[in-house]
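Q: Structure, please.
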Amino acid sequence: PVLKTNVAMIYDPENKKVIYEKNSNLRRSLASITKLMTAIVFLETDPDFEKIVTMEDSDLPRPETGVKIAVNVGDQITVRDLFNAMITGSANNAALALARSTGLSAAEFTARMNKRAKDLQMMSTNFVEPTGLNPDNISTVTDISLMVNYIMKRPGVITASIQPSYTYTIINTGEKRT
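A: Okay, here's the model as predicted:
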């Protein structure tokens with residue numbers, strides 16, 4: 001195939017075979033693919049999806065760019081809604097709030113992301129934060145294929161990744177948003 005990209009991989013997980021690759025070991029910024037590792041680490045903390053999280057100023061990425069769920073500081077939202085906002089809508093503030101909801105510091109959460117990457121044999125990957133906004137979150141498509149193969153065994157992730165929209169409730173106001 002003719003691709004207008006510098007890197008690519010088509011991988012058949014059933015047969016564990018690479019069908020096509022182009023510069024598959026070239027390290028590049030991960031961007032929002034970072035959120036898949038955020039989901040892995042978050043899920044491995046055995047979260048209570050009904051837990052209510054109060055949004056804090058620290059949940060706003062700095063600089064405040066990219067996608068975010070429509071909530072304000074002080075709004076209350078369930079962990080389930082934050083998880084869906086992160087996976088379905090790639091919401092950066094949801095990723096930060098989810099990481100915080102684990103009780104881990106930002107540094108501890110990121111350290112777990114890097115440890116998990118090594119456990120999955122993602123040897124060319126490094127994370128510096130959970131949203132993907134920092135271009136220093138880097139990996140290769142080879143490493144990403146390992147992560148995707150691992151996380152796609154989690155039914156909740158698959159459901160959240162294929163739904164076209166998600167409706168959530170701001171607990172303290174009762175307001176529903178999509």
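Q: could you pull out the helices for the protein?
A: 34-43, 79-89, 92-101, 106-119, 141-151, 155-162 (DSSP state H).
Q: Tell me which of these sits most buried.
A: helix 92-101 (a mean of 26; mean count of other CB atoms under 10 Å). All C-beta atoms are positioned from the backbone trio N, CA, C, and that covers glycine.
Q: Could you export that one as CSV, CA atoms only?
A: Output of helix 92-101 as CSV, limited to C-alpha atoms (Å, rounded to 0.1, in the frame of the first residue of the first chain):
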residue,chain,number,x,y,z
ASN,A,92,-7.3,15.2,28.9
ASN,A,93,-8.9,16.5,32.1
ALA,A,94,-10.6,13.1,32.6
ALA,A,95,-7.2,11.4,32.3
LEU,A,96,-5.7,13.6,34.9
ALA,A,97,-8.7,13.2,37.3
LEU,A,98,-8.6,9.4,36.8
ALA,A,99,-4.9,9.2,37.6
ARG,A,100,-5.5,11.4,40.7
SER,A,101,-8.5,9.2,41.8
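Q: So in the chain, where's the weakest helix or strand by average pLDDT?
A: For the chain, counting by mean pLDDT, DSSP states H and E, helix 155-162 ranks last in confidence among helices and strands (a mean of 83).
Q: Packing partners of that helix?
A: When contacts are defined as 3 or more CB pairs under 8 Å, 6 or more residues apart in numbering; DSSP states H and E, helix 155-162 packs onto helix 34-43, helix 79-89.
Q: Tabulate the helices of the chain (a markdown table), appending distance to Pro135.
A: Below are the helices of the chain laid out as a markdown table (distance: least, CB to CB, whole Å):
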| stretch | distance to Pro135 |
| --- | --- |
| helix 34-43 | 11 |
| helix 79-89 | 19 |
| helix 92-101 | 14 |
| helix 106-119 | 15 |
| helix 141-151 | 16 |
| helix 155-162 | 23 |
